[in-house]
Each structure stands twice: as C-alpha cells, then as structure tokens.
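> Fold the following for me, if possible:
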Amino acid sequence: MVRVIFAFLLLGLLSACGETVPTGSKARILLLGDSLMATNRGSGLAVANALEKELGEDVIDRSVAGARYFYALPISGAAGMRITEQFTPGPWALVVMNGGGNDLLFNCGCGKCDDQLSRLISPDGTKGAIPEFVARIRATGAQVLYTGYLRTPGFQSPIENCDRIGNEMDRRLTKMAARDKGVRFVSLASVVPSGDTSYHQTDRIHPSPKGGAAIAKTIAKAMGR
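Sure thing, here's the model as predicted:
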C-alpha cells in the first residue's frame, strides 16, 4: 500500500498542474479532478479528450493525478494537487468533476474511513468539503456534473477494499445532487463488466484509454448527448 500511495503522489507532482485556460477561450466546459480524469492526458486519450469527441466541443482539463481535497503543501496544492485550487472562474456552462477518492486512500487506506468520509460529505449530502466546493461553483452560475469512480468487478486490484466506502460516498453524492437541479451525480460503478481488465491500466487502478472513453460516454449520456 505504501508503494501505491508513493506512486500516486509522484504521478501527481509530475502532472501538476492541469491545462491552462487560454485567453479568449470560448470553451463552456471545465473538467476538474484526480487521476481518474488526468490519466492518459499525455497521449491525448484522457477522459477530457474522449469527452470532446463525444460532445464536439472543447473541454478545458484542469485535473491533476493524485489530487485531494485535504492537501497541506502550499506550492503543489496551489498548482492543482488541492482540487479546490483547480477551479478557474470563467463563463462555464458546466463543470465536470470528481474527487475524494485519494483522501480516503491516502488518509485512511479505505479502511476505517467514516470520519474522513464525513469530512468530505455528510451522510445527508449537505455538509463537508465536497458540497461546499460544489456550492462555490454553482454560485458562479455553472452547472456541476460530479462522477464517482470505476470499480474492478470480478478481479483483484490494489484498491479492492475501497468498494464499501466508495459505495457509501456514491450514496451521499446522490443525496447532494438531489437537492439542486443544477447538480448531477453520475455513478461509474457499473461501467466495467465483471472480469474485464481492459478498462484499467495494468496497475488495475487507473483507467486505460478504453476506460476513459467509457467514462466520457457515460458523462455524455447523462448530459443527454
């Protein structure tokens, strides 16, 4: 587990920060998050790249691998390792985002994480770092589409024990979204067919290009596209 965590941190530091917002950009969609979103960006096969093809419009990708909500280091935090620092004000119609998984993995190993999860989002979906950040974005007029995480059904992975806490986070995010018509939660729990490892990298943690494309299709479908 220590090696896995170190790999996440190193990957995040190497990739921070995400895409800058070009001056005069007419993009209406901003994407934030962690390695679920950022993986494969170097080869042009990340979720944002696939989503651009699905929607036929630009997506500004500010995601950073390894990013968390609770991140203490100031310089790399400001560069995007702290998810809230990824947000750049603009005329966004929609902010697509994920996050929270690394807080559960790094801070409590996806084990005894009830307190950590409640710091992220309360059982009723009204309080915590995630609802507060979503409310901040919504105050700018943008809608928010928040995704969950891929699962690894039918095969083993280094984050196998994250399923229980991941399911509970999905439940809470669903409650958060139900309180605001401008917020949608999109579960990714059923995207990966049982036993199919092709949706993940060989580490069985990060999405493969196929997995990223499947995430983009799921997001586009939730948008009615």
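> State the helix or strand in which the closest residue to residue 37 other than its chain neighbours lies.
Closest residue to residue 37 apart from its sequence neighbours, by CB to CB, 6 or more residues apart in numbering: residue 63 at 3.7 Å. All C-beta atoms are positioned from the backbone trio N, CA, C, and that covers glycine. Under the criterion DSSP states H and E, no helix or strand holds residue 63.
> Surely residue 63 and residue 51 touch.
No - here residue 63 does not reach residue 51: they are 11.6 Å apart, not a contact under CB atoms under 8 Å.
> Give me the neighbour count for the closest residue to residue 198 other than its chain neighbours.
Spatially, and ignoring its direct neighbours in sequence, residue 198 is nearest to residue 210 (5.4 Å; CB to CB, 6+ apart). Using other CB atoms under 10 Å, residue 210 has 16 neighbouring residues.
> returning to that earlier point: touching both of residue 63 and residue 51, which residues are there?
residue 31 (CB atoms under 8 Å, 6 or more residues apart in numbering).
> the more surrounded of those two?
Each of residue 63 and residue 51 has its neighbours counted (other CB under 10 Å); residue 63 has more, 30 against 26.
> could you check the distance from the more buried one over to residue 114?
27 Å (CB to CB, to the nearest Å).
> which outside residues touch stretch 108-115?
Contact with stretch 108-115 is made by 1, 104, 107, 116, 159, 161, 162, 164, 165, 166, as judged by CB under 8 Å, 6+ apart.
> All set, thanks.
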